[in-house]
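1. Mind folding the following:
(chains A, B and C)
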Amino acid sequence: MDRHSPKDTLLTAAECASRIGISVKALRVYEAQGLLAPLRTEKNWRLYGAEDIARLNEIMFLKQLGLSLSEIAKLLSGQTTDVSRLLEMQETLQNNRLEQAERSLRLICSLRAKCGSGDRLSMDDLLDLAKEVQMSETADEFAWKRYVQARPRTKKEPDSGELEDCAGEYRFDDGSVLRITTARDRLRVQLLGQPACDLFCEEADHYFLKVTPAQIVFSRNKAGDIDGLVLHQGGYETKALRCETGAYDKAERELDERIKAKTPFPGSEQLLRKVIEDHRKGQPDYDSMSPVLRSLAQEQIPTVMRELERLGAVGSIEFRGIGVDGFDIYIVDFENGRLEWGLAQAKDGTLTGLYLRPTP
DNA sequence: CTTCTGACA
DNA sequence: TGTCAGTA
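-> As a prediction, this is how the structure comes out:
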């Protein structure tokens, strides 16, 4: 079957290379690595069509994230390029870089001002600076992990007995519990306060969700028994260890009691005030957040700052109750309006969830 | 004059 | 990846 419609322009290797700004050699190397498969003329000349250029975009995107050609080959094998998925990743990557650059620039400017006025930089200043540099280095890693996580997957029949092996309860470092159950021919995953989701097998011990780009990879001990799992979601990899059965039910009962008794997390109102003021200043305490929330908060900060500026000072805060997902819900009155805020904390006090929305 | 492959840096 | 040789 012809992959190209008649009106598609086909480019020779030289044209293709010069229009993109790479070398013909590079094109040949990509092809040798199995990344590209352009058409050929009778004389065996390469012809690049739109699909090949799309693939080339994908290759160059992954390359700029620091992946080697062989890693890219593994990632792309058997997949055809999904341009809209690629564009979405490009957009979030560049937005992240933009925000990262602005953060770095703000810090650098303030430190330069300090230097210029003759002050010596403090230990904290230098540590902050180093951390900032480190963050901009690792930021790209999230981008390709997210890309890998968003990759389309095809399901396969799991080996017999594997589903039963995986079923059980698992606890994350922050204390939250995840339950894996078998249902007919598949696994289901349940996180407290959230609806159960079907899991689909991709390969042995590797499962994926269809409702959201996320995967669960089970790990086995030397005896071959499942002893934990890693949740891949939102660019993050979070590990959980198998725990005693009943932990999930216990956590569920505790949550039910909290909901009935309307008991907020200890000190959560005070925490909310601090969170709001930190956001107003544009300096949320990222260290007290879970990694997933941290990246969300970093993406949202410009929007939230604008909103808080519009709303003005905080007036009264009223506790509304506990949501089914365990969030403490507050109605916050500001000078110029009111908002519903929700926040969730892990047992160790880490902020794991945060949202704000107009009051219904 | 150009591309292609394969070798070597 | 760049470059070079020997072809088609």
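2. check contacts around A:Thr154.
-> Counting by CB atoms under 8 Å, 6 or more residues apart in numbering, A:Thr154 touches A:Glu202. In this view, the C-beta of every residue, glycine as well, is placed from N, C-alpha and C.
3. And for A:Glu132?
-> Residues near A:Glu132 by CB under 8 Å, 6+ apart: A:Arg103, A:Ser104, A:Leu107.
4. Can you tell me the element it falls in?
-> helix A:123-149 (DSSP states H and E).
5. Just give me the neighbour total for A:Gly21.
-> Neighbours of A:Gly21 under the rule other CB atoms under 10 Å: 7.
6. pLDDT score for it?
-> You'll see A:Gly21 listed with a pLDDT of 91.
7. what comes up buried for whichever helix or strand A:Leu272 is part of?
-> Using DSSP H and E, A:Leu272 maps to helix A:268-280. By neighbour count on 16 or more other CB atoms under 10 Å, the buried set for helix A:268-280 is A:Ser268, A:Glu269, A:Leu271, A:Leu272, A:Val275, A:Ile276, A:Asp278, A:His279, A:Arg280.
8. what residues are up against the second one?
-> So that's A:Glu269. By CB under 8 Å, 6+ apart, the contact list for A:Glu269 reads A:Ile317, A:Phe319, A:Tyr330.
9. give me phi/psi at the residue nearest to the spatial centre of chain A?
-> Centroid-nearest residue in chain A: A:Gly234, 1.7 Å away (criterion: CA atoms, centre = their mean). Dihedral angles of A:Gly234 (phi, psi; degrees, to the nearest 10) stand at phi 60, psi 30.
10. what comes up buried for the helix or strand of chain A with the lowest mean pLDDT?
-> Of the helices and strands making up chain A, the lowest-confidence element is helix A:123-149, at a mean of 85, by mean pLDDT, DSSP states H and E. With burial defined by 16+ other CB under 10 Å, the residues of helix A:123-149 counted as buried are A:Asp125, A:Glu132, A:Ala139, A:Asp140, A:Phe142, A:Ala143, A:Trp144, A:Lys145, A:Arg146, A:Tyr147, A:Val148, A:Gln149.
11. A:Phe334 contacts A:Ser316, correct?
-> No: using CB atoms under 8 Å, A:Phe334 is not in contact with A:Ser316, being 9.7 Å away.
12. higher neighbour count, the two?
-> Shown here are A:Phe334 and A:Ser316; by other CB under 10 Å, A:Phe334 has more neighbours (17 against 9).
13. burial measure for the closest residue to that one other than its chain neighbours, as a count.
-> Computed as CB to CB, 6 or more residues apart in numbering, the closest residue to A:Phe334 that is not its neighbour in sequence is A:Leu311, at 3.7 Å. Residues near A:Leu311, counting by other CB under 10 Å, number 19.
14. Now whatever residue of the stretch 1-150 of chain A ends up closest to DNA strand B: which helix or strand?
-> Residue of the stretch 1-150 of chain A nearest DNA strand B, by CB to the nearest atom of the strand: A:Ala14 (2.8 Å). Secondary structure assigned from DSSP H and E places A:Ala14 in helix A:13-20.
15. Grab the nearest non-local neighbour of the residue of the stretch 1-150 of chain A closest to DNA strand B.
-> Spatial nearest neighbour of A:Ala14, chain neighbours left out: A:Val24 (5.9 Å); criterion: CB to CB, 6+ apart.
16. Show the contacting residues for the one you found.
-> So A:Val24 contacts A:Ala13, A:Ala14, A:Ala17 (CB under 8 Å, 6+ apart).
17. what about the longest helix belonging to chain A, average pLDDT?
-> The helix that spans the most residues within chain A, counting by DSSP state H, is helix A:83-116. Averaged across helix A:83-116, pLDDT comes to 90.
18. now it and helix A:123-149, what's the angle there?
-> Taking axes from the mean of the first three to the mean of the last three CA atoms, to 10 degrees, one finds helix A:83-116 and helix A:123-149 inclined to each other by 170 degrees.
19. Report the residue ranges of every domain in chain A.
-> In the domain annotation for chain A, the residue ranges read A:11-76, A:83-149, A:162-253, A:262-358 (automatic domain parsing).
20. Span of the second one from start to end?
-> Chord length of domain A:83-149, first to last residue, is 16 Å (CA to CA, to the nearest Å).
21. same thing with the longest one?
-> Domain A:262-358 has an end-to-end distance of 22 Å (criterion: CA to CA).
22. can you check the shortest one too?
-> Distances were taken as CA to CA; on that basis the terminal residues of domain A:11-76 are 22 Å apart.
23. Kindly report the same for the third one.
-> End-to-end distance of domain A:162-253: 29 Å, with CA to CA as the criterion.
24. what's the burial count for the residue of chain A found nearest DNA strand C?
-> Residue nearest to DNA strand C within chain A (CB to the nearest atom of the strand): A:Ser23, separated by 3.0 Å. For A:Ser23, the count of nearby residues is 13 (other CB under 10 Å).
25. Nearest spatial neighbour of it, chain-adjacent residues omitted?
-> Closest residue to A:Ser23 apart from its sequence neighbours, by CB to CB, 6+ apart: A:Ala17 at 5.7 Å.
26. quick one: that neighbour and A:Tyr30 touch, right?
-> No: judged on CB under 8 Å, A:Ala17 makes no contact with A:Tyr30 at a distance of 10.9 Å.
27. Between the two, which is the more surrounded one?
-> Legend: neighbour count by other CB under 10 Å for A:Ala17 and A:Tyr30, higher for A:Tyr30 (23 against 18).
28. ok, now which ones touch the more buried one?
-> For A:Tyr30, counting by CB under 8 Å, 6+ apart, the contacting residues are A:Leu36, A:Leu56, A:Ile59, A:Leu69.
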